[in-house]
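Novice: Fold the following, please.
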Amino acid sequence: MKYFKSLFIIFLLFSGVQLFAQTRSELEKRKAQLNKDIEMINNTLQKTSLDKRVTLKQLNALRTQIRLRVEKINTINSEIRLLDGQINENTNQVRSLQSQLGQLKSDYAAMVRFAQKNQGSYSKLMYIFAAKDFNQAYKRMKYLQQFGEYRQKQARYIENTQNTLKNKITQLNKNKLDKDHLLNDQQKEKSTLGVAQNKQIKVVSSLSSQEKRLKQDLAQKQRDAQKLDRAIRQAIQREIEIARKKAEDADRAAAAKAKAEGKEAPVARTTNTSILNSTPEAAKLSADFVSNRGRLPWPVANGVVTEYAGIQKIGNVTREVTGWTIKTNAGSAVRTIFEGTVTTVIDIVGSTVVIIKHGEYFTAYKNLGSVSVSKGQKLSTKQTIGTADGQAEIEFHIYKSSQEQDPKYWLAPN
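Specialist: So this is what the prediction gives:
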């Protein structure tokens, strides 16, 4: 029983290490991605710092950097908590193995002493022949045989336990060293975060003190956003009208056929949803798009959101933000998040916009430096549609018919 109990303990130790390593690996991967995102934002801050005039772009970059650093600190804290748990577990396991090893050695020593007292063949024979009957003699012979095999097993098991204990102590020391490194990293991040937060306060103060210019800048951004929104909605409305015309023609044909056959005419499609999903292909595409909600790929392979949809407030000045602004690298490929058909390629307020239809859903990609698709072209998921412009900040929007959606509910976690 002791033997199998010990094997079970070793199995649990191995399983715990595997599970810990998997979780730790995920945290390390997330931390590496955060480091890349922070480096990307730092490059933006270095460029904007050359401009003596404080800008909204600089503030957005600072806010994004602070958000990323806070997430990185939280990730480090999660790693530390995992290591603390593993250190405690390993410490308890080392103590348990040491106690178990001591008992094994004590038992083995007793067996060795017994064997030394009865090591001669004569003693073994006397032990067997001293039996009362043949049955007892057979049992004594089997006992001596099993005793020898058990000694060998115990010797091997002591060796295995020693190796397990040695490996566990090595792992424990490594965990402690990793924790020291994480604590140092955490302290550096907190220090850098404090500097960024102080800088943000100064930038907000500077922008607030120039409220008149700030309002003008925000008003201009708002006008550009409204112009973009109108253009996109007009393009979507044109697609709805095209689909409506096709649906009406199909409904009239179906009604005429039903009348000729003496049947009741089907209900005409009138809502945008029924119109845009009037064909089996469009309905399936819409259903597939919805089924991937929360799992759709990003429009860029590497990017970080600098502006989320919602209300942006700076001092006493506010503005409504639609869609996402995603910082990426200049010249990075921009790709469609789902299969669909290009409906529009237009220039709006100095930048190129591509609109793609996915059944009753539409996606829009703004601030493209180059475009590699054309109207009517069918695309597959993640197919490149162009590249980011020199500013390397694309705007991304999702619509259900003409109703804008928040991308955070549709795109996969970065």
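Novice: Given the top strand by length along the chain, what are its sheet partners and their directions?
Specialist: The longest strand of the chain (DSSP state E) is strand 361-371. For strand 361-371, the paired strands and their directions (DSSP bridges) are strand 351-358 (antiparallel), strand 384-388 (antiparallel), strand 393-400 (antiparallel).
Novice: Any buried residues in it, and which?
Specialist: Neighbour-count burial for strand 361-371, counted by 16 or more other C-beta atoms under 10 Å, picks out 361-369, 371. From N, CA and C alone the C-beta is placed, and that goes for glycine too.
Novice: do the same with stretch 216-226
Specialist: So, applying 16+ other C-beta under 10 Å, buried residues of stretch 216-226: 217-218, 221, 224-225.
Novice: Ok, which of the strands paired with strand 361-371 comes nearest Ser106?
Specialist: Nearest to Ser106 among the strands paired with strand 361-371 is strand 393-400; the distance by C-beta to C-beta comes to 69.5 Å.
Novice: pLDDT score for Ile80?
Specialist: pLDDT, the model's per-residue confidence, is 86 for Ile80.
Novice: and if you look at Lys176?
Specialist: 85.
Novice: Over to Pro413?
Specialist: 88.
Novice: follow-up on the earlier one: next step: the buried residues of stretch 216-226 restricted to helices.
Specialist: 217-218, 221, 224-225 (DSSP state H).
Novice: which among those gets closest to Thr273?
Specialist: Nearest member of these to Thr273, counting by C-beta to C-beta, is Ala225, at 26.1 Å.
Novice: would you turn the buried residues of stretch 216-226 into a markdown table with distance to Thr44 and pLDDT?
Specialist: Listed next are the buried residues of stretch 216-226 as a markdown table, based on distance: C-beta to C-beta, whole Å; pLDDT from 0 to 100:
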| residue | distance to Thr44 | pLDDT |
| --- | --- | --- |
| Asp217 | 17 | 76 |
| Leu218 | 19 | 76 |
| Lys221 | 17 | 79 |
| Asp224 | 20 | 83 |
| Ala225 | 20 | 82 |
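Novice: quick check, nearest of these to Ile242?
Specialist: Nearest to Ile242 among the buried residues of stretch 216-226, with distances taken as C-beta to C-beta, is Ala225, at 26.2 Å.
Novice: got the contact list for His397?
Specialist: 232, 322-324, 363-364, 366, 404, 407 (C-beta atoms under 8 Å, 6 or more residues apart in numbering).
Novice: and if we set it to 10 Å?
Specialist: 228-229, 232, 309, 322-324, 353, 355, 362-366, 404-405, 407 (C-beta atoms under 10 Å, 6 or more residues apart in numbering).
Novice: what about burial for these, which qualify?
Specialist: Among the contacts of His397, those classed as buried by 16+ other C-beta under 10 Å are 228-229, 232, 309, 322-324, 353, 355, 362-366, 404-405, 407.
Novice: returning to that earlier point: for the buried residues of strand 361-371, name the two members farthest from one another.
Specialist: Checking those with C-beta to C-beta, the most distant pair is Tyr361 and Gly369, at 25.4 Å.
Novice: if we can go back for a sec, pipe the strands paired with strand 361-371 into CSV and attach mean pLDDT and distance to Thr271 per row.
Specialist: Listed next are the strands paired with strand 361-371 as CSV, based on pLDDT from 0 to 100; distance: least, C-beta to C-beta, whole Å:
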stretch, mean pLDDT, distance to Thr271
strand 351-358, 94, 17
strand 384-388, 96, 29
strand 393-400, 95, 12
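Novice: Let's have those strands in TSV, adding distance to Gln237.
Specialist: Output for those, formatted as TSV (distance: least, C-beta to C-beta, whole Å):
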stretch	distance to Gln237
strand 351-358	12
strand 384-388	22
strand 393-400	11
